[in-house]
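# pasting the structure only:
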């Protein structure tokens, strides 16, 4: 591969990254339904045709945004070590995640708006969010199960119900926090909810 | 007023009600940002101009949708007697509300999508949702305070934090339930969360 081609690839990659970053902002601001290719292109300083050269449809751009977020989340979860640290480690990871989320209002808005829009079965991200919640819920349930076996949970905990409750709490807090950032401490609320399940201080 | 004019008023009122009902569906399906006056008009079997005769802007139609929902909610809450029945009565009312919500997927989708979209300060319903959450949160706090004074709460309950948690839980459950109606029992989850606060069986 010659240098000119390499430069071309690098420029193309940089442009794609810029488009995905702008689309993340727009989808989080006005939703997938409200966002337009034209406005995302304008924010990147390119034409509609220029954007469509990289992403042929708004749906393929949405897919790229969600893939990029999943990649970033996996990387962050592995760095925090939560994935390797047993049941209580994962629960501690949820508190850390709530704290990190408070630094990322744009990403939180993205998931809040898209997950609500995607409850419509006709939404292009419907299947994605059905699977995402199933995965988060069962991941939380597995962590609670491990903690229970390790003797870390108080006896009265219903693992399946607690997994749903923690997942719902994390999500509900995000919308409340976006509407009232000074009035809601997401990490403190999640910490309280996790602490209540444990036989020792978190 | 003559009979002809009365008929005209009644027809106008019926048309407005139809438009508000269709807008409720559309806003819940694709959001305020995604909905168009043209599609709402078409669903009513009228022209865009015909709709704009009743509601001059999409914003004024959104306002009418939210007012209509508030009116229906107040009526339902008064019928259930929760408003008059002291602290634990209001908490019991939250469980009943979660059960009733499971009969109203369209309305639940409406609030889920609009509240997420409205976290953007530029959204026309931003102030509405900031105030709505402040009201729900302080109403729940007042109910918990009354229950505490009456000796109905276990000692360890932090009333302010529990009010935030119950509000967030109700909301988070709604999106999860819309995505997985058979896998989530909203009323059972809210009942568990309320029961945990009380010294006696709910």
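In hand now; what should we look at? These numbers come from a predicted model, not from an experiment.
# what does the helix or strand of chain A with the lowest mean pLDDT contact?
Among the helices and strands of chain A, helix A:58-79 carries the lowest confidence by mean pLDDT, DSSP states H and E, at a mean of 86. Residues from elsewhere that reach helix A:58-79 (Cβ atoms under 8 Å, 6 or more residues apart in numbering or on different chains): A:16, A:19-20, A:23-24, A:27, A:32, A:35-37, A:40, A:55, A:83, A:93, A:97, A:100, A:107, A:110-111, A:114, A:124-125, A:128. C-beta coordinates here come from the backbone N, C-alpha and C atoms, glycine included.
# Of those residues, which ones also sit close to chain B?
The residues of the contacts of helix A:58-79 that also fall near chain B, by Cβ under 8 Å from any Cβ of the partner chain, are A:32, A:35.
# Just the buried ones from the contacts of helix A:58-79, in PyMOL syntax?
Buried subset of these, written as a PyMOL selection, criterion 16 or more other Cβ atoms under 10 Å in any protein chain shown:
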select buried, chain A and resi 19+20+23+24+27+32+35+37+40+55+93+97+100+107+110+111+114+124+125+128
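# circling back to that earlier point, for the least confident helix or strand of chain A, what is the distance to the chain centroid?
Counting by Cα atoms, centre = their mean, to the nearest Å, helix A:58-79 is centred 8 Å from the centre of its parent chain.
# what's the answer for stretch A:18-30, then?
Distance, stretch centre to chain centre, for stretch A:18-30: 14 Å (Cα atoms, centre = their mean).
# With stretch A:97-107 instead?
9 Å.
# Quick one: low-confidence residue ranges for chain A.
Scanning chain A for pLDDT under 70 picks out the ranges A:1-2, A:77, A:80-85.
# change it to 90
Across chain A, the ranges flagged by pLDDT under 90 are A:1-12, A:28-31, A:33, A:69-87, A:104, A:106-107, A:202.
# doesn't residue A:37 make contact with residue A:22?
No - at 10.8 Å, residue A:22 does not count as touching residue A:37 under the criterion of Cβ atoms under 8 Å.
# What is the burial count for residue A:190?
Per other Cβ atoms under 10 Å in any protein chain shown, the neighbour tally for residue A:190 reads 24.
# ugh, wrong one, residue A:79
By other Cβ under 10 Å, the residues close to residue A:79 number 9.
# where does it sit relative to chain B, distance-wise?
To chain B, residue A:79 is 26 Å away according to Cβ to the nearest Cβ, to the nearest Å.
# before we move on, what about residue A:168?
3 Å.
# swap in residue A:10?
Residue A:10 sits at a distance of 34 Å from chain B (criterion: Cβ to the nearest Cβ).
# Same check on residue A:202?
Distance of residue A:202 to chain B, computed by Cβ to the nearest Cβ: 15 Å.
# again, but for residue A:135
In this view, residue A:135 and chain B are 12 Å apart by Cβ to the nearest Cβ.
# Is that residue inside a helix or a strand, and which specific one?
Per DSSP states H and E, residue A:135 falls inside helix A:126-149.
# And the longest helix anywhere in chain A, what does it pack against?
Criterion DSSP state H: the longest helix present in chain A is helix A:3-34. If contacts are counted by 3 or more Cβ pairs under 8 Å, 6 or more residues apart in numbering or on different chains; DSSP states H and E, helix A:3-34 sits against helix A:37-44, helix A:48-54, helix A:58-79, helix A:105-117, helix B:3-34, helix B:105-117.
# Can you add distance to residue A:137 and give the ones you listed back as CSV?
Shown next, in CSV, are the helices and strands packed on helix A:3-34 (distance: least, Cβ to Cβ, whole Å):
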stretch, distance to residue A:137
helix A:37-44, 32
helix A:48-54, 34
helix A:58-79, 16
helix A:105-117, 13
helix B:3-34, 24
helix B:105-117, 18
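# can you tell me which of these comes nearest to residue A:185?
helix A:105-117 (14.2 Å; Cβ to Cβ).
# wait, residue A:26 sits on residue A:33?
No - here residue A:26 does not reach residue A:33: they are 11.3 Å apart, not a contact under Cβ under 8 Å.
# Tell me, how many residues neighbour the closest residue to residue A:145 other than its chain neighbours?
Leaving aside its sequence neighbours, residue A:145 sits nearest to residue A:159 (Cβ to Cβ, 6 or more residues apart in numbering or on different chains; 5.7 Å). The local packing of residue A:159 (other Cβ under 10 Å) involves 17 other residues.
# Roughly how far does residue A:159 sit from residue A:86?
Using Cβ to Cβ, to the nearest Å, we find residue A:159 at a distance of 15 Å from residue A:86.
# Please give the number of neighbouring residues around the nearest residue to residue A:146 once chain neighbours are set aside.
The shortest distance from residue A:146 to any non-neighbouring residue, by Cβ to Cβ, 6+ apart, is to residue A:87 (3.2 Å). Neighbour count for residue A:87, taken as other Cβ under 10 Å: 18.
# so residue A:87 sits right up against residue A:148, yeah?
Yes - between residue A:87 and residue A:148 there is a contact under Cβ under 8 Å: 7.5 Å.
# who are the neighbours in contact with residue A:39?
Under the criterion of Cβ under 8 Å, 6+ apart, the contact list for residue A:39 reads residue A:26.
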